[in-house]
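Visitor: Generate coordinates for the sequence data below:
(chains A and B)
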Number of protein chains: 2
Amino acid sequence: MTADNSSALPIGVFDSGVGGLTVLKAIRAALPHENFVYLGDTARLPYGTKSPVSITRYAMQATAKLVNHDIKLLVVACNTASAVALTALQKQMAPIPVLGVVEPGATAAVAARPGGSHLVMATEATVRLGAYRHAISRIDPQAAVREQSCELLVALAEEGWTTGSIADSIVRRYFDEAEDDDFKADSIILGCTHFPLLRDVITTVVGDDVAVVDSAITTAAVVRDILAGNGALATGSRCGELKLLATDGAKRFARVGGQFLGEPLTADDVQLVDL
Amino acid sequence: MTADNSSALPIGVFDSGVGGLTVLKAIRAALPHENFVYLGDTARLPYGTKSPVSITRYAMQATAKLVNHDIKLLVVACNTASAVALTALQKQMAPIPVLGVVEPGATAAVAARPGGSHLVMATEATVRLGAYRHAISRIDPQAAVREQSCELLVALAEEGWTTGSIADSIVRRYFDEAEDDDFKADSIILGCTHFPLLRDVITTVVGDDVAVVDSAITTAAVVRDILAGNGALATGSRCGELKLLATDGAKRFARVGGQFLGEPLTADDVQLVDL
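Guide: I've put the predicted structure just below:
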């Protein structure tokens, strides 16, 4: 494959559901000329409460589907799948580059608050695996890291209750559980794709002194670097195309996903695929 | 199969996850001498946001597994699977009797408030299918029915935040969305297996004049009637045995499920099965 050919090929983005559309949104904003194929494994979401064995099997089945679309790079937008299955996916997809959202998020947090204390808000599975803790320690061994499982925030984002007193109380309760005399956060890592929708309420609760790190934005920067390094960045002035695939429930994907992508979707925009 | 043999056989209880343990708990309380096999399809939960085609396929695969345990009756404890797949499951399991939780819940609500107005709190899929609306209309054509999707209550129950101001605010918001000048509820149907855990806060919000109907309790009464009619009720003074099966995550099943069953569980109590 030559660089000329590969630059026109789409970037694959994989998630367990609609949450990864926040990552897609960030990458499209950074790289508007690229074509994208997004696959949400909505038939088997959420990954966050499932076992590593199941998560790896599901992720490998789903991403194998993306190979048929001739993708030039795969972004694992799901934090849980990034934490559990990244190595397995890199092996399966080689020589196509595969990157997750955990490393870019960890890198950005350390850059924002070197030597600081980092609070990771994530799903149960991501917390259980200590994915961000390990990633941050590799970059900044002095850093203090605490990880807080925040499952209710997922439901809150999907329900669209992203502002107001209920969102505020829930975010505040999770912070109260995470922080104590020994630990005050200098940065908050939004370690689940759903949480960028709650960014405003989280910022209000933690105050302006705390850096709120969105893995989606830093992942977009890494995607650009990899493609530029491979001579595979899309060129030209045309806006790229977007193909949306889901394993179940096109209507719900469109309704909830529109909020995550930041533009209205209809069921006709979503193609159902069988795994 | 004679009545003497079948009385010792276990009752099968099927759910998408741990929620059905509230139904199992109610049936065990009513029929303590029975043996039970419970199967939670935790690898593919939740069913509530998935499409009817996927829900039916999943439910049929999972319950086929329970046939190996020689069950004498199957309770579909999942409201969503009851609403979507009951007829398909009855056909698959015949001649084993199969009952869901929707009909018993609807019957109990009408009995509690004949000719009244019923508010069904349920998952998206149960609401979308109008399962309780249809069941209530068949029994009491004069009844007014409103159905409210309450996805956040599922997460709230799983997180164990079943009391306090956050639970109160969320329940209150769902009621405010459901009720208006044209509709005031005389009964509330807990149309999701998770919601009995929130019974206290729901009762506080709606007040004592409103009947709160728990499908689990009325389902237990129907199970007893069917078994008595078939001469298949367990006899003797020994307490029955309970076998717990799950398709994923024994540890999480034990931790969250213990709250639903109302007794502590460990991962060793849960046997993983592959579908």
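
Visitor: Provide the count of other residues in contact range of the residue in chain A positioned nearest to chain B.
Guide: Distances between chain A and chain B by Cβ to the nearest Cβ are smallest at A:A155, namely 3.8 Å. Every C-beta, even on glycine, is put in place using the N, C-alpha and C of the backbone. The burial count assigned to A:A155 is 21, neighbours taken as other Cβ atoms under 10 Å in any protein chain shown.

Visitor: just A:G229 next, same as before
Guide: A:G229 has 10 neighbours, counted by other Cβ under 10 Å.

Visitor: Can you give me the distance of it to A:T123?
Guide: From A:G229 over to A:T123 the distance is 31 Å, taken as Cβ to Cβ, to the nearest Å.

Visitor: Local confidence estimate at the residue of chain A closest to chain B?
Guide: For A:A155, the pLDDT comes out at 93.

Visitor: Not counting its neighbours along the chain, what's nearest it?
Guide: B:A155 (3.8 Å; Cβ to Cβ, 6 or more residues apart in numbering or on different chains).

Visitor: what's the host helix or strand of A:M121 in contact with?
Guide: Assessed by DSSP states H and E, A:M121 sits inside strand A:117-122. Residues outside strand A:117-122 that contact it (Cβ atoms under 8 Å, 6 or more residues apart in numbering or on different chains) are A:79, A:109-110, A:126-127, A:131-133, A:136, A:143-150, A:153, A:174-175, A:178-179, A:183-192, A:195, A:202.

Visitor: Adjacent strands (with direction) for it?
Guide: strand A:144-149 (parallel), strand A:187-190 (parallel) (DSSP bridges).

Visitor: For the residue of chain A positioned farthest from its centre, give its distance to A:L227.
Guide: Distance from the C-alpha centroid of chain A, by Cα atoms, centre = their mean, peaks at A:D181 (30.9 Å). Computed as Cβ to Cβ, the A:D181 to A:L227 distance reads 46 Å.

Visitor: End to end on stretch A:83-101, go ahead and measure it.
Guide: 9 Å (Cα to Cα, to the nearest Å).

Visitor: pLDDT on it, on average?
Guide: 96.

Visitor: returning to that earlier point: whichever strand or helix holds the residue nearest to A:A155: how far from the chain's middle?
Guide: Per DSSP H and E, B:A155 falls inside helix B:151-159. Centroid separation for helix B:151-159 versus its chain: 15 Å, with Cα atoms, centre = their mean, to the nearest Å.

Visitor: Which of the helices or strands spans A:T22?
Guide: Assigned by DSSP H and E, A:T22 falls in helix A:21-30.

Visitor: Just the buried residues of that helix, please?
Guide: Residues of helix A:21-30 classed as buried by neighbour count (16 or more other Cβ atoms under 10 Å in any protein chain shown): A:21-28.

Visitor: Need the residues that contact that helix.
Guide: Taking Cβ under 8 Å, 6+ apart as the rule, helix A:21-30 contacts A:11, A:13, A:15, A:34, A:36, A:38, A:40, A:75, A:77, A:101, A:193-194, A:196-197, A:214-217, A:219-221, A:223-224, A:240, A:242, A:257, A:260-262.

Visitor: Which of the residues you listed are buried, as a ChimeraX select command?
Guide: Buried subset of the contacts of helix A:21-30, written as a ChimeraX selection, criterion 16+ other Cβ under 10 Å:
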select /A:11,13,15,34,36,38,40,75,77,101,193,194,196,197,214,215,216,217,219,220,223,240,242,257,260,261
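
Visitor: about what we covered before: dump the buried residues of helix A:21-30 to TSV, plus pLDDT.
Guide: What follows is the buried residues of helix A:21-30, written out as TSV (pLDDT from 0 to 100):
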residue	pLDDT
A:L21	97
A:T22	96
A:V23	97
A:L24	97
A:K25	97
A:A26	96
A:I27	97
A:R28	96
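
Visitor: Who are the contact partners of the spatially most central residue of chain A?
Guide: In chain A, the C-alpha nearest the mean C-alpha coordinate belongs to A:A77, at 3.5 Å (Cα atoms, centre = their mean). Shown in contact with A:A77 (Cβ under 8 Å, 6+ apart): A:13-15, A:19-20, A:22-24, A:101, A:193, A:216, A:219.
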